[in-house]
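Student: Need a 3D model of the following:
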Amino acid sequence: MFIHLPALLIFLYFLYRIILPLKAGNGGKIAAALLLFCLSQQHFFYRCFLGGMASPELPTPALTLLTCIFVWLLFFFVLMLLYDVAALGKKNAAKAAFSPARRQVLTICLAAVPAVYGVRQAVAVPEVHHLEARLPSLPRELDGLSLVQISDLHISSLLPAPRVRTVVEKVNALQPDLVVLTGDMVDGPPDRRAGGAAQLKELRARYGVFGCAGNHEYYADFHAWMKVFPTLGITMLLNNHKVIPIGGQNLVLAGVTDIVAKRYALPMPDISAALAGAPENGFRILMDHRPGGAAVNARAGVDLQLSGHTHGGQILGMTLLVAEYNEGYLSGWYQVGNMRLYVSPGAGLWGGFPVRLGVPSEIAAVTLRAG
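Tutor: The predicted structure is shown next:
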């Protein structure tokens, strides 16, 4: 068990900047310090006592409140730090404008606005985003084929069964030809997520519901979930493919595993295995949770890749950093060689940092168009 070090630094900063200067007795300062330490170390307590960072087992209202407090603490830290940096060499001017107490109250209020709004946006039911994919290699017989992509649903105590049910209802209202779940569907093992995951059984699509594994499926007991998903009507494609005859043409839908599989001594993503034996004349769609392997997949002959994982960067300003860790891919459409790539910002978020600012979640309704 380890203390969460980044949060420890935040605690030490506030201890020095706010708690120690308080005009209070030692008992008051110690109590304030203990409260601040506990609030800053949410991830530590989640990991050690409440089921894990990604899936803490708390009632949804309590978890939402604690999440808002933690996110507020992060924004408060950023604002205070920015103020301190800006005030270097200008201490007299700063004091003339605001007293330290008034400044801290103002900063607290300012930090609360993005924290509450950001968490609210993170847990909100995603809207449907209608898209068209112009694909020169698409056979005319497949023109107009509709698919719905749900990525990064992250079913958890924070994003529970009623939210999942609403997502499913929105998807079914679209009457899609295909539904694809591009990983990170769940946080937590099957016995804890049974109610939320059961909602996926109601998904309906003309040619079926398919999925690939994301990194969180591995964190959440991979072997158990790979047995559960088929009972929910989800065909999992793990380094393999399914040939779907449509209008005299072959649609090849493939899926690969996730690179985190290496930690668990499980098969790594293998596009060659995923496409082995696929018809040469078939239009090839690939589900790959992470967009980083797009160049390799394009060279293997994939026509359209659907990915997630990045959450779109979650916050405007974080997007450049997130793209840097995903080979430059963040969200939206990309042309990679002869392949089109779509990266969804996702339909949910994991519980470690559930906040969205300027990057809304989505249900992607994609219509394929020839030419």
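Student: Residue 354 contacts residue 66, doesn't it?
Tutor: No. Using C-beta atoms under 8 Å, residue 354 is not in contact with residue 66, being 10.8 Å away. Bear in mind the C-beta positions are built from the backbone N, C-alpha and C, glycine included.
Student: Counting neighbours, go ahead and name the busier of the two.
Tutor: Set residue 354 next to residue 66 and count neighbours by other C-beta atoms under 10 Å: residue 354 wins out with 25 against 18.
Student: so who does residue 125 touch?
Tutor: 163, 166, 167, 170 (C-beta atoms under 8 Å, 6 or more residues apart in numbering).
Student: what's the helix or strand for it?
Tutor: According to DSSP states H and E, residue 125 maps onto no helix or strand at all.
Student: Which per-residue confidence value corresponds to it?
Tutor: pLDDT for residue 125: 97.
Student: State the phi and psi torsions of it.
Tutor: phi -70, psi 130 (degrees, to the nearest 10).
Student: for the one 5 residues further on, same thing?
Tutor: The main-chain torsion angles of residue 130 are listed as degrees, to the nearest 10 and equal phi -80, psi 130.
Student: So the residue lying closest to it once chain neighbours are set aside: helix, strand or coil?
Tutor: The shortest distance from residue 130 to any non-neighbouring residue, by C-beta to C-beta, 6 or more residues apart in numbering, is to residue 365 (5.0 Å). Here residue 365 is recorded as strand under DSSP: H, G, I helix; E, B strand; the rest coil.
Student: Quick check, residue 365 in contact with residue 146.
Tutor: Yes. Counting by C-beta under 8 Å, residue 365 touches residue 146, with 6.9 Å between them.
Student: Find the residues that touch each one of those two.
Tutor: 174, 176.
Student: How about the contacts made by residue 51?
Tutor: If you count contacts by C-beta under 8 Å, 6+ apart, then residue 51 has 57, 188, 192 around it.
Student: nope, residue 75 is what I was after
Tutor: 110, 111, 112, 114, 115.
Student: quick one: which of those residues is most hemmed in?
Tutor: Neighbour max across those (other C-beta under 10 Å) = residue 115, 22 neighbours.
Student: okay, it: pLDDT?
Tutor: pLDDT, residue 115: 92.
Student: same check, this time on residue 269
Tutor: For residue 269, the model assigns a pLDDT of 98.
Student: Show me the helices in this structure, by range?
Tutor: Counting by DSSP state H, the chain has helices at residues 5-14, 26-40, 42-49, 60-87, 91-97, 100-123, 161-173, 190-198, 215-219, 222-231, 271-275, 294-299, 319-324.
Student: tell me the domain ranges of the chain?
Tutor: Per the record, the chain has its domains at 5-122, 126-370, by automatic domain parsing.
Student: May I see the contacts of residue 75 arranged in CSV, with distance to residue 341 as well?
Tutor: Conversion of those to CSV gives the following (distance: C-beta to C-beta, whole Å):
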residue, distance to residue 341
110, 38
111, 36
112, 38
114, 31
115, 33
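Student: so which of these would you say is closest to residue 201?
Tutor: Using C-beta to C-beta, residue 115 comes nearest to residue 201 of the contacts of residue 75, at 35.2 Å.
Student: Thought residue 71 was touching that closest one, still the case?
Tutor: Yes. Using C-beta under 8 Å, residue 115 makes contact with residue 71 at a distance of 4.3 Å.
Student: what do the two both touch?
Tutor: Common neighbours of residue 115 and residue 71 (C-beta under 8 Å, 6+ apart) are residue 355.
Student: Residue 6 and residue 235: what is the separation?
Tutor: 40 Å (C-beta to C-beta, to the nearest Å).
Student: the more surrounded of the two?
Tutor: Between residue 6 and residue 235, counting by other C-beta under 10 Å, residue 235 is the more crowded of the two (14 against 10).
Student: does the closest residue to that one other than its chain neighbours have beta-bridge partners, and which?
Tutor: Spatial nearest neighbour of residue 235, chain neighbours left out: residue 210 (4.9 Å); criterion: C-beta to C-beta, 6+ apart. Legend: beta-bridge partners of residue 210 under DSSP bridges are residue 180, residue 235.
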